[in-house]
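Asks: Make a model of this:
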Amino acid sequence: MKASVAIQVLPHVDSDEEVIRIVDEVIDYIKSTGLNYYVGPCETAIEGDYDQLMEIVKNCQIIAVKAGAPKVSAYVKISFNPDGGVLTIDQKVTKHHQ
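Replies: Have a look, this model is predicted:
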């Protein structure tokens, strides 16, 4: 695994319930990719190949629009190491959830 991303998708909609519904659809898509992921309260982290992750980032926004958001903001953090690995989700958070 040479990359990880953290993505926060913010649909521009009128209610918190709509935000949750649309973000849940985005998370369902992330789950369907088969990659290792971690859902946090403000963002979702995903691990995998850099190109595959960039495609997922793009698709997250498209899915939010298809789910009913007229406009979407996304905040993305990328950790990329073409010559080796990056810290995994487990290395970053497991000790904090025991």
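Asks: Please report the distance of H96 from V65.
Replies: 34 Å (CB to CB, to the nearest Å). From N, CA and C alone the C-beta is placed, and that goes for glycine too.
Asks: who's more crowded, the two?
Replies: V65 (13 against 6; other CB atoms under 10 Å).
Asks: Which SSE is immediately downstream of the one helix or strand the more buried one maps to?
Replies: According to DSSP states H and E, V65 maps onto helix 50-66. Remark: after helix 50-66, the chain's next helix or strand is strand 72-80, criterion DSSP H and E.
Asks: List the contacts of that next one.
Replies: Contact with strand 72-80 is made by 2-12, 43, 50, 53, 57, 60-61, 64-65, 86-87, as judged by CB atoms under 8 Å, 6 or more residues apart in numbering.
Asks: try stretch 26-44
Replies: By CB under 8 Å, 6+ apart, stretch 26-44 touches 1, 6-9, 45-48, 52-53, 56, 59-60, 63-64, 67, 75, 77, 88-89, 93.
Asks: Show me just the buried residues among the residues you listed.
Replies: Among the contacts of stretch 26-44, those classed as buried by 16 or more other CB atoms under 10 Å are 1, 6-7, 9, 45-48, 53, 56, 60, 63-64, 67, 89.
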